[in-house]
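# Quick one: sequence and predicted model below, then my questions.
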Amino acid sequence: MKLILALGNPGDRYRDTRHNAGWWVADHLAKRWSLGPFKQVGPEASVDGPVGGHEVRIIKPMTFMNRSGRVLSKYLAVQGFRFEEDLLVVVDDAALPPGRFRLKGRGSAGGHNGLQSVEEALGSREYPRLRIGVGAPTHPDLDLADWVLGVPRSGDEEAILEQFGRLALAIESWLSEGMESAMNAFNSA
């Protein structure tokens, strides 16, 4: 099984914030792949089904961003599951401008609490991720936490949403051809 772990925060208060860009992508993929509605069981809301010859589960942790990695423990116990190949973490990134995204096969959490939680759960930085640009604070007095927990400006939101078709293609490339091939095809543009 391939897991797509989309990071975000539960609740109406956070639904439209930059920090939930991963959940926006999860919703888009579930619709695109006709997987049906997410169902919450315990600490996760998930949906699964066949996609391009793979059984795929899309997960939204309901544990809040800084504890996102906790949902991975039961999957790590599944025989044959290799997080280096079978897991893709989808996450917002303030270092990338809105409308840009980047696939990475490994790396540091870079101060992102959700990625830090995933790293702690896996005991490794060697896991694939898809970073979705949400832009950096536009004023030096704006705190990064307040920025990512804020609603994007109209133009920024449009730039992010316009990339969803390419994001889906990049994820489908990861599913069918692996991270290296997907990075080569989608990181250059």
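Looks like it came in fine.

# Go ahead and report the secondary structure state at residue 5.
The three-state label for residue 5, taken from DSSP: H, G, I helix; E, B strand; the rest coil, comes out as strand.

# err, residue 68, not the other one
Once three-state DSSP is applied, residue 68 turns out helix.

# That one and residue 6 touch, don't they?
No: the criterion here is C-beta atoms under 8 Å, and residue 68 misses it with residue 6 at 9.2 Å. Quick note: C-beta positions are derived from backbone N, CA and C, even for glycine.

# which element follows the helix or strand of the chain with the lowest mean pLDDT toward the C-terminus?
None of the helices or strands of the chain scores lower by mean pLDDT, DSSP states H and E than helix 144-148, at a mean of 85. Following helix 144-148 in sequence order, the next helix or strand is helix 154-162 (DSSP states H and E).

# where do the helices sit along the protein?
21-32, 73-76, 83-86, 113-122, 144-148, 154-162, 164-177, 179-186 (DSSP state H).

# Would you mind listing the buried residues in the first one?
By that I understand helix 21-32. By neighbour count on 16 or more other C-beta atoms under 10 Å, the buried set for helix 21-32 is 21-30.

# just the last one next, same as before
For helix 179-186, a neighbour-count test (16+ other C-beta under 10 Å) marks 179, 182-183, 186 as buried.

# Just the C-alpha atoms of that helix, please, in PDB.
Provided in PDB are the C-alpha atoms of helix 179-186 (Å, rounded to 0.1, in the frame of the first residue of the first chain):
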ATOM      1  CA  MET A 179      10.400   9.600  -6.400                       C
ATOM      2  CA  GLU A 180      13.500  10.100  -8.500                       C
ATOM      3  CA  SER A 181      11.600  10.000 -11.800                       C
ATOM      4  CA  ALA A 182       8.900  12.300 -10.400                       C
ATOM      5  CA  MET A 183      11.500  14.800  -9.100                       C
ATOM      6  CA  ASN A 184      13.200  14.800 -12.500                       C
ATOM      7  CA  ALA A 185       9.900  15.400 -14.300                       C
ATOM      8  CA  PHE A 186       8.300  18.000 -12.000                       C
END
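
# Which elements pack onto that helix?
The helices and strands touching helix 179-186, judged by 3 or more C-beta pairs under 8 Å, 6 or more residues apart in numbering; DSSP states H and E, are strand 101-104, helix 164-177.

# and what of the second one?
Identification of packing neighbours for helix 73-76 by 3+ C-beta pairs under 8 Å, 6+ apart yields helix 113-122.

# Run through who's touching the helix it packs on.
5, 7, 22, 65-70, 72-73, 76, 83, 89, 91, 108-109, 125, 127, 129 (C-beta atoms under 8 Å, 6 or more residues apart in numbering).
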